[in-house]
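1. how would this look folded up:
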Amino acid sequence: MKKHIILSGILFSTLFLTQCATANNKKNMNNNSVYGESAVLAKEIPTKLLFDKIIPGSVVVRNNYDAKKSKNIIYKEGKDYIIDYKNGTITRTKKSRIPDYSKHSLYKVKNFDYTKVKSYSNQPFLIWIDYKSENNTDISKPIVYQKNIKKTLDKLESGKPVKIIVFGDSISCGGEVTEPRFAFYERFKKSLQKKYPQSKITLENGATGGDTTVQGLERLKNKVLTRKPDLVLVGFGMNDHNINFVAPDRFQKNLKSIVKKIKSKTGADVLLLSTFQPNNDWNANAHNMKTYAGITKAVAKETKSAYADVYSVWKKVLKRKDQPSLLNNNINHPTNFGHWMYSQAFIIE
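-> Numbering: from 1, shown residues only. Below you'll find the model as predicted:
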């Protein structure tokens, strides 16, 4: 049991944990443009992009999310990959320089145990794709119950300083993003700063890799209650959801207790966020994230908090995208693009 608790914190360096609340954001999508969509390509099998009806001449494929990296490899269309512009797919060529995902140790392995293999990460296989689409459908979800963070929004509107604390598991800490500025909470902070430039917004990360709501309650005082926040982003569920971990009724009780203590002890607004279904082929996946997302939304409503519906955004994307293309560790840590997907549930209206 313990090894699965540790998973969401795995691959974290001490240095990165000290950087959790730093850095800026990066624009991901503008009008019909997509920036840095992640994908893994196996053999010569077509892989779907998020959108179809790709505009010819708009595609750039590279080996790094950040297009400004000086040593990026830019893959060549026709030589390394083939684009089906109408159907929105990308296919690796037989002699491509793009890593072949079929060589991954867990490729197509069902009910896998990541501890049984030497390497389970998808990072060596990931590619990053910019393109434009005529069918760039809006996948964003405005914050639900936004009125419940009115106190924070009023402060921002009036130019007062606002302190945000992120509290949750390793995803809430930015697990495995290549740079802290790409984490969903930094993207959210930057969007608020752009909307309210007259206010000084600070962000502090109190998340801990591997935590469930059980550990969250234990850490709450030191990580949140003593830190004088104005707004707390609470993100649990990924580890709670694992097989034989925190049952739905216990999860609901714990989450409600966390929120009530934050509100009563600090007076801060709370924004709860759901998470996504981990890799369906992982042996610790309870395949019940819909229930945990529903509980998170219900707790938000009951406690007069706001709710970011990450679960629904992710579910919508998975109508076209495959899971490994969105997972850094092939289990439950989003890619940089996955963190951008998270940010699409944090839209202020």
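2. can you give me the helices in the stretch 1-150 of the chain?
-> For the stretch 1-150 of the chain, the helices defined by DSSP state H, counting those that start in this stretch cover 2-7, 14-18, 150-157.
3. average pLDDT for stretch 270-285?
-> For stretch 270-285, the per-residue pLDDT values average out at 98.
4. any buried residues in that stretch, and which?
-> Neighbour counts using 16 or more other C-beta atoms under 10 Å place 270-279, 281-285 of stretch 270-285 among the buried residues. For every residue, glycine as well, the C-beta is placed using N, CA and C.
5. ditto for stretch 137-156
-> Applying 16+ other C-beta under 10 Å to stretch 137-156 flags 139, 141, 143-145, 148-149, 152-153, 155-156 as buried.
6. and if you look at stretch 221-239?
-> Using 16+ other C-beta under 10 Å as the burial criterion, the residues of stretch 221-239 that qualify are 223-225, 227, 229-239.
7. so which of the residues you listed is the closest to Y311?
-> G237 (8.7 Å; C-beta to C-beta).
8. any idea how far the closest one is from E204?
-> Counting by C-beta to C-beta, to the nearest Å, the gap between G237 and E204 amounts to 21 Å.
9. could you do V34 as well?
-> 31 Å.
10. with neighbour numbers in mind, choose between those two.
-> Between V34 and E204, counting by other C-beta atoms under 10 Å, V34 is the more crowded of the two (22 against 17).
11. look up the closest residue to that one, ignoring the ones flanking it.
-> Closest residue in space to V34, ignoring its immediate chain neighbours: Y131 at 5.4 Å, by C-beta to C-beta, 6 or more residues apart in numbering.
12. residues in contact with the one you found?
-> For Y131, the contacting residues are 33-34, 37, 49, 54-55, 58-60, by C-beta atoms under 8 Å, 6 or more residues apart in numbering.
13. return the set of residues that bridge with the closest residue to I55 other than its chain neighbours.
-> Beyond its immediate neighbours in the sequence, the residue positioned closest to I55 (C-beta to C-beta, 6+ apart) is K132, lying 4.2 Å away. Following DSSP bridges, K132 is listed with bridge partners S33.
14. which one (most neighbours) among the contacts of Y131?
-> Counting neighbours by other C-beta under 10 Å, the top entry in the contacts of Y131 is E37, with 27 neighbours.
15. how much space separates that residue from V59?
-> As for E37, its distance to V59 is 10 Å (criterion: C-beta to C-beta).
16. packing partners of the helix ranked longest in the chain?
-> For the chain, the helix that runs over the most residues, judged by DSSP state H, is helix 248-266. Counting contacts by 3 or more C-beta pairs under 8 Å, 6 or more residues apart in numbering; DSSP states H and E, helix 248-266 packs against helix 213-220, strand 231-235, strand 269-273, helix 289-302.
17. just send these back as CSV, with distance to N332 too.
-> As requested, the helices and strands packed on helix 248-266 are exported to CSV (distance: least, C-beta to C-beta, whole Å):
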stretch, distance to N332
helix 213-220, 16
strand 231-235, 13
strand 269-273, 15
helix 289-302, 10
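18. and D113, which of the ones you listed is closest to it?
-> helix 289-302 (19.8 Å).
19. residues in contact with that closest one?
-> Applying C-beta under 8 Å, 6+ apart, the set of residues contacting helix 289-302 from outside is 144-145, 148, 236-237, 240-241, 248, 251-252, 255-256, 259, 270, 272-278, 305-307, 309-312.
20. quick one, strands of the protein?
-> According to DSSP state E, the chain carries its strands in the segments 29-30, 33-39, 47-48, 60-62, 74-75, 81-84, 89-92, 127-132, 162-168, 201-205, 231-235, 269-273, 306-308.
21. what sits against the nearest residue to D80 once chain neighbours are set aside?
-> Nearest in space to D80, with sequence neighbours left out and distances taken as C-beta to C-beta, 6+ apart, is S96 at 4.3 Å. With contact taken as C-beta under 8 Å, 6+ apart, S96 is in contact with 41, 75, 79-81.
22. which of these lies closest to W340?
-> Sorting these by distance to W340 puts L41 at the head of the list, at 20.1 Å, by C-beta to C-beta.
23. dump the residue contacts of the closest one.
-> 47, 81, 90-92, 96, 98-101, 125, 127.
24. of those residues, which is the nearest to T178?
-> I127 (13.6 Å).
25. roughly how far apart are the closest one and Y145?
-> When I127 is compared with Y145 (using C-beta to C-beta), they lie 38 Å apart.
26. the residue nearest to I55 against P56, yeah?
-> No. The pair K132 and P56 does not pass the contact test of C-beta atoms under 8 Å, sitting 9.4 Å apart.
27. which one of the two is surrounded by more residues?
-> Shown here are K132 and P56; by other C-beta under 10 Å, K132 has more neighbours (18 against 10).
28. follow-up on the earlier one: so what sits against both of E37 and V59?
-> Listed contacts common to E37 and V59 are 129-131; contacts here mean C-beta under 8 Å, 6+ apart.
29. for T115, give its distance to W282.
-> When distance is defined by C-beta to C-beta, T115 is 11 Å away from W282.
30. the buried residues of stretch 221-239: which two are farthest apart?
-> Greatest spatial distance among the buried residues of stretch 221-239 (C-beta to C-beta): D230 and N239, at 26.9 Å.
31. excluding chain neighbours, what is closest to W314?
-> F276 is the one closest to W314 (C-beta to C-beta, 6+ apart), at 3.7 Å.
32. just confirm the one you found contacts V317, I think it does.
-> No. In this structure F276 lies outside contact range of V317 using C-beta under 8 Å: 9.0 Å.
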